[in-house]
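Student: need a structure here:
(chains A and B)
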Amino acid sequence: MANRKRNTNSKNRSNRSESSQVPSESSTLLELPVPPLQWSAPARTIATVLILTYLFVVVMGPLANPIASRYFSGPIAKQLAPLHRILFLGHGYRFFGPDPGPTHRLVFRGVRKDGSKFEGFFPDRKNQKPRLLYHRWFMLSETLFVEHASQADANFLRNRKIAYENQLARLTSANQTHQLRQLKLDRQLELRYHQRASERVNRLANSVANVLLDRYEATSIKLFSQERSIPFPEEVLDGLKLNSTQLLLPLNKIGELDANGYRAANRDDPQNPEGSNR
Amino acid sequence: MKTDLEDTVIQSGPLTAFIHSWSRDWNQFWFRPEAPNTLGAMRIFVGLIVLYTHFTWGLELSTFLGADGLLPLEYRSLLFESPFAWSHFDWFSNNQLLMAVHILGLLMIAMFTLGIWTNWTSVFTALLIISYANRGTGALFGLDQVSSFLCIYLAIGNCGGAYSIDQWIAKRRGAGQGRSCTRNRIAIRLIQIHMCAVYLFAAIGKLQGTTWLNGEAVWGTLASYEYQSIDMSWIANHMWLVAILTLGTLAWELAYPALIWLKLTRPIMLLFSIPIHLGIGACMGMLSFGLVMLVGNLAFVDPSWLNKLLPSSAELELLSEDMR
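Tutor: Down below sits the predicted model:
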């Protein structure tokens, strides 16, 4: 009834004031009239099931990202991944958590077709405007850093291999067939994970290098990730500027592109990090 | 005076009474028809933000989203290992065609913002935003996550039922104003719950660190040169203020999912959301993100407040009458 009152000809101002005086529902802030339910009980039941299912899908995203339980949220989120991808859900929402960390920029050094050298970096607040566009470049440099850093170095892989072989020998001698099968499966997944991590950063860095090569009409280009530390408050009070080069850490080479194609940097090369960064 | 149903429930015992009461509250929570005013206002704000976001993509469209751009299709495939991370950009390799499709997309978002054929444009806008986000994997941030789910929920509700050209045309034809309906209520509730999930997990993430607990995290965000858009380094002289801002933000995010539902504390939670999000927006160069979070908070604003701020449907109708 109240609903109808609200929906009828509202040219009549007195009608409007009447509607607004209908007592509000105590459990909410709404002071609008309480209209009757429009959906039938079966419709509401179906909607309830759909809503609860959807909310489960929504919550499983941050429950499984960035950290997932191996026995609960991980396997469920894997099953829900198609829905997360289709609807662009499944994010962790850990904004500035667990701690606001240092930032990373991508530095590039190249040689133009005429032989001259050039150097640049992104994000570059002077040349990348408006701010949202700058932020896209910034997120790209952060992604490149994260992907590059997530690769395992040779030493780590060697240690993992030794640990695996030790476990394998131990379980084989104890004739633990079930654990052996699980161990081999885990090892396969681990190797696949490292392989795909390398593929990801190489694909991304290759594309970035290609775009920069075209933009600067260059014949070769090298990509580096560079971390900028967050200064201590005392340092700032002593006059250190936030854009000071003192806060920049040495360059960490990601890879290079030239006429022979893209080559990822050797992470175990003692020459990497290379060069002066400042 | 008790109704027959209430009599039956009382006679059936406390469990049945509890179930009945719970069921009634559930129905009121999710299925009570709601006016489209809140969704209409949110449509305009989200539409403007999304329009700006996508206009900005367009400034370097082929550089970022082109087939030979910064973000290769293989990267997304390797990251997600899923064919479901779809994007309409996957079908276009020609940069001119890409730009043409992009301009059509901007027109679609503009129509959504203005409320033209909103039942259709809201769905297409939601799909468009998801598509851009999937294609832009590697250069995304919170803005894309929040604006995409807001658009999905706006498409579920009748967001063109108020403050829209659709509504204006309908009134001129004598069809009456946008009616209260159940899907508006569901859309609003989904936005509210999703916003709570965002704040809850943002707070949980912060609790895993040390600087949010020792009161120094805000310094870490303000002293980051890449994020900085306003020089706040003077705050190094007032670390007590940094501690208050840090712990205050953490407390607010932790409390939000609970206190936003209470009549007494809701205005306080909403009030605090303004300086927090505008502060992030202004000091850390993420104004669009700050604004879209504020728009998400609009779902909790009492519709009667919105009616005071914005002209109500009835007032718009009167204005329309006067113009005629």
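Student: quick check, the residue in the stretch 1-150 of chain B closest to chain A?
Tutor: In the stretch 1-150 of chain B, the residue found nearest to chain A is residue B:84; the distance is 3.8 Å by CB to the nearest CB. C-beta here means a position set from N, CA and C on the backbone, and glycine is covered the same way.
Student: tell me if that residue really is in a helix.
Tutor: No: counting by DSSP: H, G, I helix; E, B strand; the rest coil, residue B:84 is located in no helix; its state is coil.
Student: make sure residue B:138 is indeed in a helix.
Tutor: No: under three-state DSSP, residue B:138 sits outside any helix and is assigned coil.
Student: who in the stretch 101-250 of chain A is up against chain B?
Tutor: Residues of the stretch 101-250 of chain A lying close to chain B by CB under 8 Å from any CB of the partner chain are A:101-103, A:105, A:123, A:130-140, A:143, A:196, A:199-200, A:203-204, A:206-208, A:210-211, A:228, A:230-231, A:233-234, A:236-237, A:241-243, A:247.
Student: now, those that are in helices?
Tutor: A:131-140, A:143, A:196, A:199-200, A:203-204, A:206-208, A:210-211, A:233-234, A:236-237 (DSSP state H).
Student: ok, how many other residues are close to residue 139?
Tutor: I'll assume chain A. Close neighbours of residue A:139, defined as other CB atoms under 10 Å in any protein chain shown, add up to 17.
Student: chain B is the one I meant
Tutor: Residue B:139: 22 neighbours (other CB under 10 Å).
Student: need the contact list for it.
Tutor: Shown in contact with residue B:139 (CB atoms under 8 Å, 6 or more residues apart in numbering or on different chains): A:136-137, A:139-140, A:143, B:64, B:70-71.
Student: take the residues you listed and write them to JSON lines, including pLDDT and distance to residue B:157.
Tutor: Shown next, in JSON lines, are these (pLDDT from 0 to 100; distance: CB to CB, whole Å):
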{"residue": "A:136", "pLDDT": "98", "distance to residue B:157": "30"}
{"residue": "A:137", "pLDDT": "98", "distance to residue B:157": "35"}
{"residue": "A:139", "pLDDT": "98", "distance to residue B:157": "30"}
{"residue": "A:140", "pLDDT": "98", "distance to residue B:157": "34"}
{"residue": "A:143", "pLDDT": "97", "distance to residue B:157": "34"}
{"residue": "B:64", "pLDDT": "96", "distance to residue B:157": "31"}
{"residue": "B:70", "pLDDT": "97", "distance to residue B:157": "36"}
{"residue": "B:71", "pLDDT": "96", "distance to residue B:157": "32"}
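Student: surely residue B:164 is in contact with residue B:39?
Tutor: No: using CB atoms under 8 Å, residue B:164 is not in contact with residue B:39, being 10.1 Å away.
Student: not counting residues beside it along the chain, what's closest to the residue nearest the centre of chain A?
Tutor: Nearest to the mean C-alpha position of chain A, by CA atoms, centre = their mean, lies residue A:143 at 6.9 Å. Leaving aside its chain neighbours, residue A:143 sits nearest to residue B:138 (4.6 Å; criterion: CB to CB, 6 or more residues apart in numbering or on different chains).
Student: burial measure for the one you found, as a count.
Tutor: Residue B:138, neighbours per other CB under 10 Å, totals 24.
Student: if we can go back for a sec, ok, the residue of the stretch 1-150 of chain B closest to chain A to residue A:82 distance?
Tutor: 4 Å (CB to CB, to the nearest Å).
Student: just residue B:44 next, same as before
Tutor: Between residue B:44 and residue A:82 the distance is 33 Å, computed by CB to CB.
Student: still on that earlier bit, buried members of the residues of the stretch 101-250 of chain A next to chain B into PyMOL, please.
Tutor: The PyMOL command for the buried members of these (criterion: 16 or more other CB atoms under 10 Å in any protein chain shown) is given here:
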select buried, chain A and resi 103+105+123+131+132+133+134+135+136+137+138+139+140+143+200+203+204+206+207+208+210+211+228+230+231+233+236+242+247
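Student: what about stretch A:85-104, start to end distance?
Tutor: Start-to-end span of stretch A:85-104 (CA to CA, to the nearest Å) is 27 Å.
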